[in-house]
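Asker: Here's my sequence, what's the structure:
(one chain, ligands or ions: 1)
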Amino acid sequence: MADNTTMEKIVSLAKRRGFIFQGSEIYGGLAGTWDYGPLGVALKNNIKKLWWDTFVDGRSDMYGLDSAILMNEKVWEVSGHTGAGFTDPLIECSKCKKRFREDHLEDTSKCPDAKCKGELGEKRDSNLMFETKVGAQGDTKSYLRPETAQGIFVNFKNILDTMRPKLPFGIAQIGKAFRNEIAPRDFIFRTREFEQMEIEYFVEESTWESEFEKWREQVLKWTDALGLSRENIREYEVPADELAHYSKRTIDFEYNYPGKGFDELLGLAYRTDHDLKSHQEGSGEKMTFTPIEGVPFIPHVIEPSFGVERALMAVLAEAYTEDEMNEDTRVFLKLKPELAPIKVAVFPLMKNKPDLVAKAREVFEELKETIPQIMFDDNGNVGKRYRRQDEIGTPYCITIDFDTLEDNTVTLRDRDTGEQKRIALNALIEALEL
Ligand code: GAP
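Answerer: Purely as a prediction, here's the structure:
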């Protein structure tokens with residue numbers, strides 16, 4: 001991260017280069033929603049793939065799931081989300097009518113807008129769930145899920161019956177979640193529609209502390225895999241009076257976001273047997289695990305819960321770098337190659353030389369078979385193309401010139417050092433550290 005990195009610079013780069021746009025922009029936007037452009041969706045997908053590879057396919061004690069966003073309304077009554085446990089304290093200005101989160105204000109008597117300074121009203125609890133109606137008559141109430149976790153709990157029995165796992169084991173899923181946040185803010189940090197990557201890891205009660213510690217290590221390894229430096233990661237032990245209604249212990253892993261400071265990146269919670277027990281009572285279905293020779297019991301749960309957008313925001317912030325190159329300030333994203341939306345860019349030295357363009361196209365098509373996240377670029381001069389690729393974090397650029405036509409060698413340029421070297425086409429793939 002550059003010392004002078006600001007959120008404004010990141011937001012501007014994200015928009016300029018096709019990562020992230022304001023949701024419904026042409027109609028003035030919709031607060032708390034963002035759209036992901038070609039590079040944003042590629043980066044998001046790379047983060048999600050890394051997560052799935054690490055925590056699902058990379059382990060033998062994990063089962064994947066993709067449950068529905070709309071669920072029976074009882075799920076949310078039983079889980080406690082319709083009640084007081086899933087609300088934020090809302091406070092409204094009597095003058096400008098703006099709404100704020102009371103717990104985010106220093107002075108809860110006056111409107112924080114310096115131009116207004118109106119009186120703030122009484123605090124009231126605002127439930128975070130979006131309510132919706134299901135069916136042609138609209139007579140069935142449902143909610144857009146505020147966490148993916150409940151889809152996992154209600155499928156616990158299905159996974160037990162079909163996969164016959166042994167304890168401890170986990171169920172993982174990636175999917176959209178929705179919260180009617182009172183004050184969406186800080187770019188993609190707090191939004192009303194976002195994605196979660198969640199694991200419910202089922203354990204015996206007596207082992208929860210040791211399993212929690214193991215997950216603590218796994219979570220830190222994940223932040224390493226994202227390329228986040230340890231000095232920008234901090235653990236916050238959530239005090240008892242701030243714990244979510246289901247949790248007995250939670251550590252928030254915080255990231256040092258530019259211009260914002262340390263704030264939540266992901267959470268690790270011990271949810272006890274709260275959810276399975278509640279669903280057993282609520283549905284009448286048994287939520288017990290039966291050991292080979294033993295008495296059935298309801299497992300306890302460790303929950304590492306990761307936000308995709310917060311990971312993406314931290315990855316962008318950490319990668320944002322400025323240096324001096326060719327007597328100019330260069331902006332580049334020092335992304336880990338596996339996260340980079342584009343791994344390699346291929347250029348013909350000149351756009352108006354059909355032989356060069358044809359050869360560059362040929363190289364591009366051939367490489368695309370092994371490296372799908374590749375780009376062909378013939379706009380502007382090579383220097384400008386390098387800068388454009390630097391800004392989107394492309395680790396390598398390959399230039400096809402007149403020598404290529406003679407001897408099948410190309411110029412390979414490294415994003416971080418700007419170093420260029422001549423390399424034979426048939427040695428290219430091996431030279432790329434992707
Ligand atoms: N199932 C547990 C759970 O949902 P949470 O701490 O409320 O716990 C988990 O959310 C993660 O989801 C957070 O650490 C954050 O990364 C992400 N998240 C939560 N609310 C968000 C929001 N409004 N906008 C973006 N990400 C959010």
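
Asker: mind checking how far Gln150 is from the ligand?
Answerer: Counting by CB to the nearest ligand atom, to the nearest Å, the separation of Gln150 from the ligand is 8 Å. Every residue, glycine included, has its C-beta placed from N, CA and C.

Asker: in a helix, that's where that residue is, yeah?
Answerer: Yes: with the criterion set as DSSP: H, G, I helix; E, B strand; the rest coil, the secondary structure at Gln150 is a helix.

Asker: That one: what's it in contact with?
Answerer: Contact criterion CB atoms under 8 Å, 6 or more residues apart in numbering gives 71, 75-76, 79, 81, 275 as the residues in contact with Gln150.

Asker: how much space between it and His279?
Answerer: 9 Å (CB to CB, to the nearest Å).

Asker: Common neighbours of the two, please.
Answerer: By CB under 8 Å, 6+ apart, the residues touching both Gln150 and His279 are 75, 79.

Asker: before we move on, the earlier item: in CSV, list the contacts of Gln150 along with distance to the ligand.
Answerer: Listed next are these as CSV, based on distance: CB to the nearest ligand atom, whole Å:
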residue, distance to the ligand
Met71, 14
Val75, 13
Trp76, 13
Ser79, 10
His81, 10
Asp275, 10
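
Asker: quick one: which of the residues you listed sit in helices?
Answerer: Of the positions in those, 75-76, 79, 275 sit in helices, assigned by DSSP state H.

Asker: before we move on, back to that, can I get the contacts of Gln150 in CSV including neighbour count and pLDDT?
Answerer: Listed next are the contacts of Gln150 as CSV, based on neighbours: other CB atoms under 10 Å; pLDDT from 0 to 100:
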residue, neighbour count, pLDDT
Met71, 17, 97
Val75, 23, 97
Trp76, 22, 96
Ser79, 25, 93
His81, 21, 93
Asp275, 25, 96
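
Asker: which one of those residues sits closest to Lys110?
Answerer: Taking CB to CB as the measure, Lys110 sits nearest to His81 out of those, at 32.4 Å.

Asker: pretty sure that closest one is touching Glu131, no?
Answerer: No: taking contact to mean CB atoms under 8 Å, the distance of 11.4 Å between His81 and Glu131 leaves them out of contact.

Asker: between the two, what contacts are shared?
Answerer: Jointly contacting His81 and Glu131 under the rule CB under 8 Å, 6+ apart are Tyr143.

Asker: What residues does this protein have near the ligand?
Answerer: 147, 149, 179, 181, 190-191, 194, 196, 198, 264, 266-267, 303, 305, 307, 309-310 (CB under 6 Å from any ligand atom).

Asker: Can you give the domain ranges for this structure?
Answerer: What automatic domain parsing lists as the domains of the chain is 7-77+146-317, 342-432.

Asker: from the protein, which residue is nearest to the ligand?
Answerer: When scored by CB to the nearest ligand atom, the chain has Gly307 as its residue closest to the ligand, at 2.1 Å.

Asker: quick one: Glu77 and Ala149, what's the gap?
Answerer: Using CB to CB, we find Glu77 at a distance of 16 Å from Ala149.
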